[in-house]
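Novice: sequence first, predicted model second:
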Amino acid sequence: MSNLSGFVKRIRDIMRNDPGINGDAQRIEQISWMLFLKVYDAKEQDWMFDDEKYESIIPDDCRWENWAHDDKSGNAMTGDRLMNFVNNTLFPTLKNLPVDANTPLKKAIVQTTFADANNYMKDGVLLRQIINVIDELQLDDYEESHAFGEIYETILKELQSAGSAGEFYTPRAVTDFMAQMIDPQIGEKMADYACGTGGFITSWLKELKKKVKTTEDENAYSHSIYGIEKKQFPYMLCITNMLLHDLDVPEVYHDNSLTRDILDYTDDDRVDVILMNPPYGGSEKADVKNHFPDDLASSETADLFMAVIMYRLKTNGRAAVILPDGFLFGTDNAKVNLKKKLLSEFNLHTIIRMPSSVFSPYTSITTNVLFFDNTGKTEKTWFYRLDMPEGYKHFSKTKPMKIEHFSPVIEWWNDRKPLSADGFDKAKCFSYKELTEELGYNLDQCGYPHEEEEILEPLDLIQRYEEKRASLNAEIDRVLAEISAHLGGKKE
């Protein structure tokens, strides 16, 4: 068994000497395409063992075992010869593999994974050293394969410090909590329409695996997920993640969930469960709004995803979605209309307010988990504020959130009672009438009573001010319109 504990460090130390690698994001992307080919090669060995007629979509000279594996005969490619092969044979071949609608998904993923992948390294000797480290992985050994799955998690975590790539990683404690509360059942299909590296899918599979008892269950488990990811790099990471979790046919697609007319969805497009952390603060091309009804069209990405979620959730389906504070208190037309639809057509039963540093160091914007199901109108909504655990001022890269930090809300979940702390509401139930007529669709309840002392990143600070300004402006406009209507009525 190879030494897995130093795996990432060994590769990082080698890459530091290559002039082509500039920063964490490139380093992780470089590791990722090699890991994908190594993992895919291990899968193909299994598929060939099970089916003697299996034929790889990858030409023989581009298969990992034929160009990357060093059999110690002295013939392994290195230096300029290796660089020439990778840049002029391997990448052009994999990017242009013949794929059409009839190509099985487990073969087509090779082409989609490499469509926009890059080789950044320039030193063929160093590249050979890294390939040798990766090739040491014994993925046909169950224990080592499982152990490497844990190490892959650490690679994904490093995305948090890799610049903008951090948007693809939701802390595992959060995805595990949401999957646990949603309670997966055998036979259900779960979707994430902006799945990033597959964190929610992984947590779903971990919870569902506990209920697998029969071969029939195992088959249902293997076909229980559906993912879409717009960006190439996290898509590659996600596919590798799914293969490591023994999903031979991962139903994860490289696409943009927002570029299809929302009114065109049919029952076949709907799923039993949706677990998501929609990208927020992002922007889409102007014509993306054209795929949404005028009353729901928004320039905020998270709002658009919220509309997609509501249109793609089956009757009796369940959802758990992370949304920023701006959605809760926002009073612009799209947000109010989304909240009207959510409360009048869905059962928004729980909102968990999370501490602001959950996504630190990527962003300090405060987020919430909304739990709802497609069983009819909301009658009442419970709010619960999850406070920082004792001994923590804030979460950080070295002190991240852990699943045990959700223990208070998990204990409260099945025995709900109003709670207060220091004279402020910590948990409280609001009726539909209170949320709509009295509070004007303001879901910003049971928030944090004391402003946390925090220094935001410039872009986060700008976004927060823009959200608050838009909300205040819309509120002023609404009040002025009411006053004008009232005065106009009196005149008559």
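Specialist: That came in fine, so what should we check first?
Novice: below-threshold pLDDT in the stretch 101-250 of the chain: ranges please.
Specialist: With pLDDT under 70 as the threshold, the stretch 101-250 of the chain has low-confidence stretches at 142, 144-146, 157-168.
Novice: same question for the stretch 251-400 of the chain.
Specialist: By pLDDT under 70, the weakly predicted segments of the stretch 251-400 of the chain are 282-283, 361-362.
Novice: let's see that with 90 instead.
Specialist: Judged by pLDDT under 90, the stretch 251-400 of the chain has its weakly predicted residues at 279-289, 297-300, 330-332, 356-366, 390-400.
Novice: just the strands from it, written as ranges.
Specialist: Listed from the start of the chain, the stretch 251-400 of the chain has strands (DSSP state E, counting those that start in this stretch) covering 252-254, 271-276, 313-324, 347-353, 367-373, 380-385.
Novice: to residue 117, which of those lies closest?
Specialist: strand 252-254 (11.2 Å; Cβ to Cβ). From N, CA and C alone the C-beta is placed, and that goes for glycine too.
Novice: packing partners of the closest one?
Specialist: Applying 3 or more Cβ pairs under 8 Å, 6 or more residues apart in numbering; DSSP states H and E, one finds that strand 252-254 contacts helix 105-114, strand 225-229, helix 232-244.
Novice: circling back: CSV for the strands of the stretch 251-400 of the chain, including mean neighbour count and distance to residue 183?
Specialist: CSV is the format used below for the strands of the stretch 251-400 of the chain (neighbours: other Cβ atoms under 10 Å; distance: least, Cβ to Cβ, whole Å):
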stretch, mean neighbour count, distance to residue 183
strand 252-254, 22, 23
strand 271-276, 24, 9
strand 313-324, 20, 8
strand 347-353, 22, 13
strand 367-373, 22, 11
strand 380-385, 21, 17
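Novice: tell me which of these lies nearest to residue 412.
Specialist: The closest of the strands of the stretch 251-400 of the chain to residue 412 is strand 380-385. By Cβ to Cβ, the value is 6.2 Å.
Novice: ok and that closest one relative to strand 367-373, angle-wise?
Specialist: Put simply, strand 380-385 runs at 150 degrees to strand 367-373, going by axes from the mean of the first three to the mean of the last three Cα atoms, to 10 degrees.
Novice: what sits up against the helix or strand following strand 380-385?
Specialist: Counting by DSSP states H and E, the next helix or strand C-terminal to strand 380-385 is helix 407-413. Among residues not part of helix 407-413, those counted as contacts by Cβ atoms under 8 Å, 6 or more residues apart in numbering are 177, 180-181, 350, 352, 384, 386-387, 419, 427.
Novice: if any of the residues you listed are buried, put those into a PyMOL selection.
Specialist: Listed next is the PyMOL selection for buried residues among the contacts of helix 407-413, using 16 or more other Cβ atoms under 10 Å:
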select buried, resi 177+180+181+350+352+384+386+427
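Novice: got CSV for the contacts of helix 407-413, with distance to residue 70 too?
Specialist: Written out in CSV, the entries for the contacts of helix 407-413 read as follows (distance: Cβ to Cβ, whole Å):
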residue, distance to residue 70
177, 43
180, 44
181, 47
350, 54
352, 51
384, 55
386, 50
387, 54
419, 61
427, 59
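Novice: show me the two of the contacts of helix 407-413 that sit farthest apart.
Specialist: Of all pairs drawn from the contacts of helix 407-413, the widest gap by Cβ to Cβ lies between 180 and 419 and measures 20.9 Å.
Novice: now for residue 85, how many residues are close by?
Specialist: 16 (other Cβ atoms under 10 Å).
Novice: mind checking what secondary structure it has?
Specialist: Each residue gets one of three states, and residue 85 gets helix by DSSP: H, G, I helix; E, B strand; the rest coil.
Novice: skipping adjacent residues, who's closest to it in space?
Specialist: Distances taken as Cβ to Cβ, 6 or more residues apart in numbering put residue 77 closest to residue 85, at 5.8 Å, once the chain neighbours are dropped.
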